[in-house]
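Q: No sequence on hand, only this structure:
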């Protein structure tokens, strides 16, 4: 399906209708992106740019939106 020269491909999440898979791909030793894979024809599309480490993608219940986590300090999120 895909490969990365810098590490594992992980955090796979299927769309509710099973037509898409979104996952995290390392693009360097310091960055990762989210990538969409269309099951019907194998088309891949990057959904984020390699600025930080994007991980844990998931679709909303209707499959219209993708949510993910970014590695920011908890204090910036208002948690601490």
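A: In hand now; what should we look at? Predicted model only: the values in this text are computed from it and were never measured.
Q: only C-alpha atoms for contact and neighbour calcs from this point on.
A: Noted.
Q: SS state for residue 3?
A: Secondary structure, DSSP: H, G, I helix; E, B strand; the rest coil: residue 3 is coil.
Q: Name the nearest residue to it, ignoring sequence neighbours.
A: The spatial neighbour of residue 3 that comes closest, neighbours along the chain excluded (CA to CA, 6 or more residues apart in numbering), is residue 9 at 7.0 Å.
Q: for residue 28, same thing?
A: Distances taken as CA to CA, 6+ apart put residue 6 closest to residue 28, at 5.5 Å, once the chain neighbours are dropped.
Q: Surely the one you found is in contact with residue 27?
A: Yes: contact status for residue 6 versus residue 27: in contact at 6.3 Å, counting by CA atoms under 8 Å.
Q: more neighbours, these two?
A: Using other CA atoms under 10 Å as the criterion, residue 6 and residue 27 rank with residue 27 on top: 17 against 14.
Q: who are the neighbours in contact with the spatially most central residue of the chain?
A: Nearest to the mean C-alpha position of the chain, by CA atoms, centre = their mean, lies residue 34 at 2.9 Å. Counting by CA atoms under 8 Å, 6 or more residues apart in numbering, residue 34 makes contact with 22-25, 46-48, 54-55, 57.
Q: just checking, which of the residues you listed belong to strands?
A: Members of those lying in strands (criterion: DSSP state E): 22-25, 46, 55, 57.
Q: between these, which is nearest residue 13?
A: Nearest to residue 13 among the ones in strands among the contacts of residue 34: residue 22, at 5.4 Å, using CA to CA.
Q: Next one: the closest residue to residue 23 other than its chain neighbours from residue 29, what distance?
A: Nearest residue to residue 23, sequence neighbours excluded (CA to CA, 6+ apart): residue 12, at 4.5 Å. Using CA to CA, to the nearest Å, one obtains 20 Å as the distance from residue 12 to residue 29.
Q: Quick check on those two: which one has the bigger neighbour count.
A: Per other CA under 10 Å, whichever of residue 12 and residue 29 has more neighbours is residue 12, with 16 against 10.
Q: Could you tell me the model confidence score at the closest residue to residue 16 other than its chain neighbours?
A: Nearest residue to residue 16, sequence neighbours excluded (CA to CA, 6+ apart): residue 63, at 5.7 Å. Residue 63 carries a pLDDT value of 91.
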